[in-house]
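> Build me a model:
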Amino acid sequence: MAFELPPLPYAKTALAAQHMGEETLELHHDKHHQAYVTALNGFVEKHAELQGKSLEEIIHHTHGKADMAPIFNNAGQHWNHILFWENMSPNGGKIPAALEAKLTADFGSVAAFKDAFKTAATTQFGSGWAWLVLAKDGKLKVTKTPNGSNPLATGEGTALLGCDVWEHSYYLDFRNRRPDYVVNWLDHLANYEFAEAAMKAA
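Coordinates of the predicted model:
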């Protein structure tokens with residue numbers, strides 16, 4: 001079975017009030033994400049050992065192998081973006097009680113969590129991602145990864161939120177102001193209800 005581009009869980013106009021415009025979603029979802037899916041399917045066709053593997057299995061199989069870096073990056077980006085679309089909501093920014101309590105316990109305050117996340121997102125040199133993960137020790141942690149990598153590959157924990165800091169994710173709406181994009185993402189776009197459900201499921 002070929003991998004497919006998942007539909008957005010909201011209309012392309014749904015996030016405009018939160019400063020992620022329709023054009024950004026059209027280019028990011030329909031063009032960039034689709035390109036990763038198309039490339040990944042092409043690689044799977046050419047590599048018999050990848051056929052029949054799940055997306056997660058392909059990520060684990062190709063991680064850290066220089067000759068498979070293009071496959072890893074496209075598989076990783078497909079996985080990352082599946083999460084990214086779910087990690088945003090027209091009703092984003094509202095942190096439910098259980099997650100708020102856990103963020104406060106592990107970071108000291110919600111503000112401290114947001115500061116740590118913003119630091120990770122803005123100090124990721126070039127393209128990459130910032131993450132809120134539930135680490136294996138049971139604590140919430142903020143991390144970052146370059147290019148198409150992610151916490152699934154690195155083994156850093158269960159990804160609850162992932163913010164795309166590739167320029168195509170924010171340039172139309174925020175130009176070169178990545179810090180403003182990240183603050184807006186945390187305060188108005190992030191789907192904390194999804195993150196709480198993922199935390200409880202983990």
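
> C-alpha only now, for contacts and for neighbours.
Will do.

> What ranges does this protein have for its helices?
Counting by DSSP state H, the chain has these helices, from start to end: 22-25, 34-46, 55-62, 69-86, 97-107, 110-123, 151-154, 171-174, 178-184, 192-201.

> and the angle for the longest one with helix 34-46?
Helix 69-86 runs at 140 degrees relative to helix 34-46, counting by axes from the mean of the first three to the mean of the last three CA atoms, to 10 degrees.

> any idea how far the most centrally placed residue in the chain lies from L134?
Centroid-nearest residue in the chain: G162, 3.2 Å away (criterion: CA atoms, centre = their mean). Per CA to CA, to the nearest Å, G162 is found 12 Å from L134.

> returning to that earlier point: contact partners for the residue nearest to the centre of the chain?
Residues near G162 by CA atoms under 8 Å, 6 or more residues apart in numbering: N80, L83, F84, N87, W129, A130, W131, L132.

> is it in a bridge, and if so with what?
Per DSSP bridges, the residues bridged to G162 are W131.

> Which residue ranges make up each domain of the protein?
20-86, 97-201 (automatic domain parsing).

> Could I get the contacting residues of the residue nearest to A121 when sequence neighbours are not counted?
Distances taken as CA to CA, 6 or more residues apart in numbering place A130 nearest to A121, at 4.9 Å, with adjacent residues excluded. Residues near A130 by CA under 8 Å, 6+ apart: F117, A120, A121, Q124, V142, T143, K144, T145, G162, C163, D164, V165.

> Count the neighbours of the fourth one for me.
So that's Q124. 18 (other CA atoms under 10 Å).
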